[in-house]
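In: let's see this in three dimensions:
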Amino acid sequence: MADRSTILLKRAAMVNGGSAALTFVVFMVLAGRVPPPGSATSADRFALWAGLALWPSLILFGMVGAVILARGLGRAFNPLTDAESPFQRVSQRVLSNSVEQTLIFLPALAALVALSPSAELGAARAAVCLFALGRLLFWGGYLIHPFWRAPGMAMTLSTTLTVLAWAVLHALG
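Out: Residues are numbered from 1 along each chain as shown. Here you go, the predicted structure:
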């Protein structure tokens, strides 16, 4: 009989794999259905990227606000000596991970927007929706139990990998 950690790892692998596969399918369906912007000059592409980059930035700002609020309302005002609440610890970890993920995603998104043919620019909108949803699912799932952060992480990671691959393919010609 397998031990508890082995069973948990197998379940996590199944949840991650299923979430990643589902995200990829949804991304490809949305990428073909979300209309591209009307024109695709360099200025239009920059404006598109800037408008899309706003959403992950707002999510990060919300996470910063939640950590500040938890620290201000809780007993853990001094992070070096005071005990933090579970919400505060989870939210700080989610914020740190989200900064890392966003730092990978936004330049990849910029490359996708800059290098893709205009007919494919709807994919950038789809990617931002899935990335943002993945970050929120990651946070909410982590607050429930560390195991339930997996679908959001898989959604974030598979969206980022798809955007990176798409941009690399266009960069290579």
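In: would you map the strands across this structure?
Out: Along the chain, no segments are classed as strands by DSSP state E.
In: packing partners of the top helix by length along it?
Out: Across the chain, the longest stretch assigned as helix under DSSP state H is helix 42-73. Contact analysis of helix 42-73 by 3 or more CB pairs under 8 Å, 6 or more residues apart in numbering; DSSP states H and E lists helix 86-115, helix 122-144 as its packing neighbours. Backbone N, C-alpha and C define where each C-beta goes, glycine included.
In: reformat those helices as TSV; add distance to residue 40, mean neighbour count and mean pLDDT.
Out: Below are these laid out as TSV (distance: least, CB to CB, whole Å; neighbours: other CB atoms under 10 Å; pLDDT from 0 to 100):
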stretch	distance to residue 40	mean neighbour count	mean pLDDT
helix 86-115	9	18	96
helix 122-144	11	21	95
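In: now render these as a markdown table, adding distance to residue 36.
Out: Formatted as a markdown table, the helices and strands packed on helix 42-73 follow (distance: least, CB to CB, whole Å):
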| stretch | distance to residue 36 |
| --- | --- |
| helix 86-115 | 10 |
| helix 122-144 | 5 |
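In: isn't residue 106 up against residue 56?
Out: Yes - between residue 106 and residue 56 there is a contact under CB atoms under 8 Å: 6.5 Å.
In: out of the helices and strands packed on helix 42-73, nearest to residue 22?
Out: Among the helices and strands packed on helix 42-73, the nearest to residue 22 by CB to CB is helix 122-144 (10.3 Å).
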